[in-house]
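**Student:** Need coordinates for the below:
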Amino acid sequence: MLGVRKVAALGALAGLAALVAAAVGSTSSPAAAAATGCQLGSGIKHVIYLQFDNTHFRRDVSNVPSDLEQMPHLLNFLTSNGTLFTDDHTILISHTAGGITSSLTGLYPDRMGLTVTNSYGVFRPDGTVGFPAAFKYWTDIVDSGTATEPDDPLPNMITDGQKNTPAPWVPYTRAGCDFGGVGTANIELENANTSPTGDLARVFGPTSPEFAEAGTNSAKAQTDFVGIAIHCSQATDSKCAGNANARPDLLPDEPGGYGGFQALFGAKYVDPSITGGSACVTNTAGEAISDPAGNCGFPGFDGMLAKNTLGYVAQMQESGVPVTFAYISDAHDIHVPDPVADTFRSHADGPGEADFKAQLKAYDDAFAAFFSGLAAHGIDRSNTLFVVTVDEGDHFAGGLGTPQSDGSLAYSHTNCTDMTACPSNQIGEVNLDLRQALGRNDFSVHSDDAPTFYVNGNPSRTDPSVRSLEHALTNLTEPDPYVNGGQKVPVVVNLADPVEEQTLHMVNTDPLRTPTFTMFGNDDIFFTASGFTPSCGANPCVSPGFAWNHGDIQDEIGNTWVGFVGPGVQSRGVDSSTWTDHTNVRPTILTLLGLKDDYTQDGRVLVEALSGSATPPALRANAPTVRALGTLYEQLNAPFGDFANATLSASTKAIESGSATDDSKYTRIENRIADLTAQRNAVASQIHSMLYDAAFNGKPVNPLQAIAPLVRGGALILQARLLAATS
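**Tutor:** Got it, this is the predicted structure:
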């Protein structure tokens, strides 16, 4: 279950303290290199945004330091110079693509499109299901069908009115700032295939030399054109100005229009523009950044090790690209380049294991070199906004290892097929094929720890075929090698059909993508529905190559962290009491920079991070009311908030109830959830409008006008809790 969450009491208006107004002064540094046309607020000249994959603040094993503890140069930088929020939360489904894009846009998945990631199900016209990738360039379509006649031509990144979600670089380029993307989901090209609807065709065209290269050498095209980009401003010193390799940066659905902007796509064109002509960028270890075969350029998404990502960010920043958004691959899986196959070979390690420790040490070394190198170029906390976060948490599926003399732990990686007799220090997720386990094949799933189900033909949620499948899952148990040596456990933790999926922001404006229902499962198990025995040898069985599950609703998966350092940021160290989530990152950044989106985000400004001088006057006014509204808004609207926690519990009881002859309990609870959610949406919208107007439109919150939504919102949470308790 989601666990108990803090909720705003009805008397919160009177009980909240005023904001801390003073920020710690920053050290002086040499004049920083920056684009002359870039206009940002709060004295900020540079923006460095870093998003890790699956990297933890909290310990996974009590006697093993956490991921961030093993990167002291990063952890100390965040806690000594700014504020590190350790009660941040992801969205649902909590995977890499959705976790990153919710942070980039400030939108929940129902308004930015990626409600299920890293791929998702789409019902085809014939009732079967396709599974297109969520990782596509920002303006790409779903493309779940054939190349010439896609079954679903709507945008992959879809928002209100079935339009393309507004792009995250727009406020920056409009402000005269070049915006660099380094491996971050969907802001650069994500594939180098030769589909007429793929990334290369969309940006370069199907008759271009770039498209032709992909046809003859797809691996080299991946290195040359994927993963690296600069979205250019129209300033005279932009990297696109006079650059023959620049291409139109087309955003046809952007509110207010977006004409005349260009971009550089791919390392082949970006690298020379930031190195003075060299085809190679150097990483923080002094090595040329290359793919596994040794070609300079994008090293692959598994190759976005800290030294490579930070090397690209530093090179962009030092060459005059003042805004960089970058991705760092996870440290839990050990990625080793294979030059012959031109790919990475990966294996899973558990907390404290030698390879894991070594990789985290390499990450820490990269941050040490990164910060010192930037400072030498006059780029530091006195003039730079640093934002560092993570897409999601994850759960370690494994037993405790044996301590070694160097402090590391040793694990047995023996493939275990007898689930009731696995060794206690076995490592690896349990693979379970649900079609085999249930003895039916009329459905597909998005393979996951939290699988979304798509029943053939797209029947309604009340159809007998759907209800019988849900009941079969409710009764399904499987042995878990990490529970009492293989005890049988239920596979279901929670269930949500489209009624509760609406509550969780999992239904976007493309109706073909709505899952029939979602199962949040046992976090030791990875669920599939191929109908074939898993490759580890039985059904179920342990797959030792993968040990870190995510996507689910357990606290260690949903709870993440975000750190802010720079002008206008309070130096408060670790903040473990402020409840926040991914959608708050963007409005907080834009507030510090004095920028504004051409759409309304779902998140709120984290006033808890801002100094008094950096907080908009309308947010400073009536600060206790602003805090009370923000606290309630989170618990009312966030996928991991109190309201969602309670309704998901009620939803599970509803779906598990009933029979072929009596589904009255299910109907009653579902109707109540739908009613409460409609009321929630209205109150949350009212609260958000107050907070947004104060942050971006200069309209202070009126304490008297805030009383009604505070009371109504608190009452709705209490009603949701009552429904969960009495269902």
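**Student:** all strands for the stretch 101-250 of the chain, in order.
**Tutor:** For the stretch 101-250 of the chain, the strands defined by DSSP state E, counting those that start in this stretch occupy 122-123, 129-130, 179-182, 228-231, 247-248.
**Student:** now for the third one, which elements pack on it?
**Tutor:** For strand 179-182, the elements it packs on are strand 228-231, helix 306-318, strand 323-328, judged by 3 or more CB pairs under 8 Å, 6 or more residues apart in numbering; DSSP states H and E. All C-beta atoms are positioned from the backbone trio N, CA, C, and that covers glycine.
**Student:** how does it look with 10 Å?
**Tutor:** Secondary-structure packing of strand 179-182 (3 or more CB pairs under 10 Å, 6 or more residues apart in numbering; DSSP states H and E): strand 46-52, helix 170-174, strand 228-231, strand 262-265, helix 267-275, helix 306-318, strand 323-328.
**Student:** One more: the second one?
**Tutor:** Under the contact criterion of 3+ CB pairs under 10 Å, 6+ apart, strand 129-130 touches strand 122-123, strand 443-446, strand 452-455.
**Student:** So which bits of the last one are buried?
**Tutor:** If you call a residue buried by 16 or more other CB atoms under 10 Å, then strand 452-455 has these buried ones: 452-455.
**Student:** quick one: which of those is nearest to residue 53?
**Tutor:** Relative to residue 53, the closest of the buried residues of strand 452-455 is residue 452; by CB to CB it sits at 20.9 Å.
**Student:** Ok, which of the strands of the stretch 101-250 of the chain comes nearest residue 547?
**Tutor:** That would be strand 179-182 among these, by CB to CB, at 27.1 Å.
**Student:** Strand partners (parallel or antiparallel) of the closest one?
**Tutor:** Next to strand 179-182 in the sheet, as set by DSSP bridges, lie strand 228-231 (antiparallel), strand 323-328 (parallel).
**Student:** To residue 589, which of the ones you listed lies closest?
**Tutor:** The nearest among the strands paired with strand 179-182, by CB to CB, is strand 323-328 at 10.1 Å.
**Student:** Show the subsequent helix or strand relative to the closest one.
**Tutor:** Heading C-terminal from strand 323-328, the first helix or strand you meet, by DSSP states H and E, is strand 333-338.
**Student:** Give the buried residues for that next one.
**Tutor:** By neighbour count with 16+ other CB under 10 Å, strand 333-338 contains the buried residues 333-335, 337.
**Student:** What of stretch 713-727?
**Tutor:** Counting neighbours by 16+ other CB under 10 Å, one finds that the buried residues in stretch 713-727 are 713-714, 716-717, 719-721, 723-724, 727.
**Student:** Rounded mean pLDDT for it, please.
**Tutor:** Mean per-residue pLDDT for stretch 713-727: 98.
**Student:** Show me what counts as buried in stretch 210-220.
**Tutor:** Residues of stretch 210-220 classed as buried by neighbour count (16+ other CB under 10 Å): 210-211, 213-214, 219-220.
**Student:** Now intersect those with the helices, please.
**Tutor:** Mapping the buried residues of stretch 210-220 onto helices (DSSP state H) picks out 210-211, 213-214, 219-220.
**Student:** sorry, back to before: is it possible to export the helices and strands packed on strand 129-130 to CSV including distance to residue 533 and mean pLDDT?
**Tutor:** Listed next are the helices and strands packed on strand 129-130 as CSV, based on distance: least, CB to CB, whole Å; pLDDT from 0 to 100:
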stretch, distance to residue 533, mean pLDDT
strand 122-123, 27, 95
strand 443-446, 16, 97
strand 452-455, 21, 98
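**Student:** Switch those over to JSON lines; also include distance to residue 599.
**Tutor:** Putting the helices and strands packed on strand 129-130 into JSON lines (distance: least, CB to CB, whole Å) gives the following:
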{"stretch": "strand 122-123", "distance to residue 599": "25"}
{"stretch": "strand 443-446", "distance to residue 599": "28"}
{"stretch": "strand 452-455", "distance to residue 599": "27"}
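**Student:** Out of those strands, the one nearest residue 693 is which?
**Tutor:** Short answer: strand 452-455, nearest of those by CB to CB, at 35.8 Å.
**Student:** Show me what that closest one is packed against.
**Tutor:** If contacts are counted by 3+ CB pairs under 10 Å, 6+ apart, strand 452-455 sits against strand 122-123, strand 129-130, strand 443-446, helix 464-474, strand 517-521.
**Student:** which neighbours does it have in its sheet, and in what orientation?
**Tutor:** strand 443-446 (antiparallel), strand 517-521 (antiparallel).
**Student:** Turn these into CSV, columns for mean neighbour count.
**Tutor:** Listed next are the strands paired with strand 452-455 as CSV, based on neighbours: other CB atoms under 10 Å:
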stretch, mean neighbour count
strand 443-446, 24
strand 517-521, 28
